[in-house]
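A.B. asks: attaching a predicted model along with its sequence, questions to come.
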Amino acid sequence: MFRNGHSLLILSILFVLVACGPRLEPHGDYQGLDLSERSMRNANLNDANLSDANLTNSDLSDADLKRANLSGADLTFAELSGAELVYAKLINAQLQYADLSRADLRGADFSGADLSQADLSGANLSSAILVNANLTDANLSSAVLSDTDLSGANLRNANILATMIRESNLSDADLRDTNIRDINKSMSIDNDFSGANLSGLDLHGMSTLWLDSLVGADLSNTDLSGTDLRGSDLREAILSGADLSGADLSGADLSNADLNEVNLSGAYLSLANLSEVNLTGANLDNVNLWSVGDIRNAVVSDMSLAAEVTAISIYGDHAEDLPDLCSGDHSGYPDFPAYLPGGDNRAVVYWIDESSPHDDHDFWPTRWRWDRSTPLPALAACFEWISGEVDTCSYAGNNKLKRIEWELTIHLYRIDTGEKVSSETFQSVSTRPCPAIHTFSEDGQTITEYNNMPTQPIRDAFGDLF
């Protein structure tokens, strides 16, 4: 009778162990065990080995899982809210529909994990690794993604309302259908979206300072109207069909980007790099392409636009060297149009010893000036001037009127060959005698008066050339 009772007791104990499972402790080895639907709330499992374990529908809320190994574990529908998973390994883990809200996931490795439709709201994912993780339809609202590696991750249709994304790697990530406008913009900065798929998103009017790199990103059909993209790195980006109307792309690098059918009407492109871009079918209404930094080898479909792009490219290749023509010893630049005597020529003007074109001389006829538009200038007008004081008129109160006389020599060179076409010297119009009265605003003042340049003689001298 005793023996039978003893056997019954042993069987009861075994039944409890089988039904409830083994006792779980820190550093324990539970690899591959079936722990599904088990309550482990507040459990201390730091450094435990739970790899390949079945934890479906288990309750691990507020559990201590620091440095635990959960790689390959099935945590579908698991409750992990408030759990500590700092530096835990969850490589290739199944976490569909899991509740990780408010969890501490700093430094955790979720590489290749399936977190589709998981709740990560309010979770701290700083320095976490989610390379190639599946976060489709996941809830990341108010989560912290600081220095987080999301490269190659699928975030399609994820909820990122008030999410802080800072200094994180989202290269090659898929962010289609996300509510990216709703991120915590004030706290998000310097993220790498190179190669990311952002197509079809609404980014209009946003400041994208939180985007550090968009190299190779897919922004096709994205609304970027009015967006601040100053200095952005958009090399090789796909922007086909995107709306960039009114966007500020000043200083942006768009080299080798696809801008097919893009709307750039009214966009600011000052000093932007558009070399090798595809602008086929692009809307460039009210865009000053001459302000672009580099547009060499851009592909366009409109013939007049193609001519303008070619002209800009040619000028850009030689802009810094053109003043060398003023030396009178130069073989020229054959890419520029040939000079046609008596034709509708234009001249770019330089003051000798100064490298920048000048437009501040009223005596040079407007229709002779090249105004950075097509056609390109055929001539370079090099202005060499000397001036000297004619006399000084003295007045009461130690006031003086200093009168200056000019002498101007204009040399005209063909840009294509460097050949001098003409050279003329002109004297400024002589001044009248010292006026009896002159108005000064205070005593001891000296006013300089320059004699007028002879506009009509200049027109007469060069009229046949233009």
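C.D. replies: It's in.
A.B. asks: any weak-confidence spans in the stretch 301-450 of the chain?
C.D. replies: 353-362, 430-431 (pLDDT under 70).
A.B. asks: strands of the protein, start to end?
C.D. replies: 144-146, 164-166, 191-192, 211-213, 347-351, 379-395, 399-414, 420-427, 446-450 (DSSP state E).
A.B. asks: tell me which of the ones you listed approaches residue 232 most closely.
C.D. replies: Of all the strands of the chain, strand 211-213 sits nearest to residue 232, with 6.6 Å by Cβ to Cβ. In this view, the C-beta of every residue, glycine as well, is placed from N, C-alpha and C.
A.B. asks: re the thing from before, can you list the strands of the chain in a markdown table and add mean neighbour count and distance to residue 335?
C.D. replies: Shown next, in a markdown table, are those (neighbours: other Cβ atoms under 10 Å; distance: least, Cβ to Cβ, whole Å):
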| stretch | mean neighbour count | distance to residue 335 |
| --- | --- | --- |
| strand 144-146 | 22 | 50 |
| strand 164-166 | 22 | 47 |
| strand 191-192 | 24 | 39 |
| strand 211-213 | 22 | 35 |
| strand 347-351 | 23 | 14 |
| strand 379-395 | 16 | 14 |
| strand 399-414 | 18 | 13 |
| strand 420-427 | 15 | 19 |
| strand 446-450 | 13 | 38 |
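A.B. asks: export the ones you listed to TSV and tack on distance to residue 304?
C.D. replies: Output for the strands of the chain, formatted as TSV (distance: least, Cβ to Cβ, whole Å):
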stretch	distance to residue 304
strand 144-146	47
strand 164-166	43
strand 191-192	39
strand 211-213	34
strand 347-351	21
strand 379-395	23
strand 399-414	26
strand 420-427	29
strand 446-450	42
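A.B. asks: isn't residue 389 up against residue 403?
C.D. replies: Yes. Using Cβ atoms under 8 Å, residue 389 is in contact with residue 403, at 7.1 Å.
A.B. asks: which ones are touching the residue nearest to residue 203 when sequence neighbours are not counted?
C.D. replies: Nearest residue to residue 203, sequence neighbours excluded (Cβ to Cβ, 6 or more residues apart in numbering): residue 224, at 5.1 Å. Residue 224 makes contact with 203, 204, 239, 242, 243, 244, 247 under the criterion Cβ atoms under 8 Å, 6 or more residues apart in numbering.
A.B. asks: in helices only, show me these.
C.D. replies: If you go by DSSP state H, the contacts of residue 224 have nothing in helices.
A.B. asks: farthest-apart pair in those, please.
C.D. replies: Spatial extent of the contacts of residue 224 (Cβ to Cβ) is set by the pair 204 and 239 at 14.0 Å.
A.B. asks: distance from stretch 400-410 to the middle of the chain?
C.D. replies: Mean-position distance between stretch 400-410 and its chain equals 50 Å (Cα atoms, centre = their mean, to the nearest Å).
A.B. asks: show residues contacting it.
C.D. replies: By Cβ under 8 Å, 6+ apart, the residues outside stretch 400-410 that reach it are 381-395, 422-428, 430-431, 434-435, 438, 445-451, 453, 458, 462.
A.B. asks: re earlier: so which of the contacts of residue 224 comes closest to residue 111?
C.D. replies: Of the contacts of residue 224, the one sitting nearest to residue 111 (Cβ to Cβ) turns out to be residue 203, at 28.7 Å.
A.B. asks: tell me the bridge partners for residue 351.
C.D. replies: Here residue 351 sits in beta bridges with residue 383, as judged by DSSP bridges.
A.B. asks: which ones are touching it?
C.D. replies: So residue 351 contacts 358, 382, 383, 384, 385 (Cβ under 8 Å, 6+ apart).
A.B. asks: point out where the stretch 101-250 of the chain drops to low pLDDT.
C.D. replies: 207-212.
A.B. asks: what do you get if the cut-off is 90, keeping everything else the same?
C.D. replies: 179-191, 202-213, 227-228, 230 (pLDDT under 90).
A.B. asks: any idea how far residue 169 is from residue 84?
C.D. replies: Separation of residue 169 from residue 84 (Cβ to Cβ, to the nearest Å): 24 Å.
A.B. asks: swap in residue 105?
C.D. replies: 9 Å.
A.B. asks: tell me which stretches of this protein form helices.
C.D. replies: In the chain, the helices defined using DSSP H lie at 2-20, 303-318, 455-462.
A.B. asks: now the last one: buried residues?
C.D. replies: This means helix 455-462. Neighbour-count burial for helix 455-462 flags 458, 461, 462 (criterion: 16 or more other Cβ atoms under 10 Å).
A.B. asks: hmm, residue 83 and residue 99 touching each other?
C.D. replies: No. The criterion here is Cβ under 8 Å, and residue 99 misses it with residue 83 at 9.4 Å.
A.B. asks: the more surrounded of those two?
C.D. replies: residue 83 (30 against 23; other Cβ atoms under 10 Å).
A.B. asks: dump the residue contacts of the more buried one.
C.D. replies: Per Cβ under 8 Å, 6+ apart, neighbours of residue 83: 60, 61, 62, 63, 64, 65, 100, 103, 104.
A.B. asks: is it true that the last one touches residue 124?
C.D. replies: Yes. Counting by Cβ under 8 Å, residue 124 is a contact partner of residue 104 at 5.3 Å.
A.B. asks: mind checking how far the nearest residue to residue 364 once chain neighbours are set aside is from residue 390?
C.D. replies: If the residues on either side of it in the chain are set aside, residue 364 comes closest to residue 349, at 6.3 Å by Cβ to Cβ, 6+ apart. From residue 349 across to residue 390, the span is 26 Å (Cβ to Cβ).
A.B. asks: same question, residue 375
C.D. replies: Residue 375 is 42 Å from residue 390, by Cβ to Cβ.
A.B. asks: got it, and residue 342?
C.D. replies: In terms of Cβ to Cβ, residue 342 sits 38 Å off from residue 390.
A.B. asks: tell me how far stretch 403-417 is from the chain's mean position?
C.D. replies: On Cα atoms, centre = their mean, the centre of stretch 403-417 falls 43 Å from that of its chain.
A.B. asks: hmm, I typed the wrong one, I wanted stretch 47-59.
C.D. replies: Worked out by Cα atoms, centre = their mean, stretch 47-59 lies 44 Å from the chain centre.
A.B. asks: how much space separates residue 109 from residue 444?
C.D. replies: Using Cβ to Cβ, residue 109 is found at 80 Å from residue 444.
A.B. asks: all set now, cheers.
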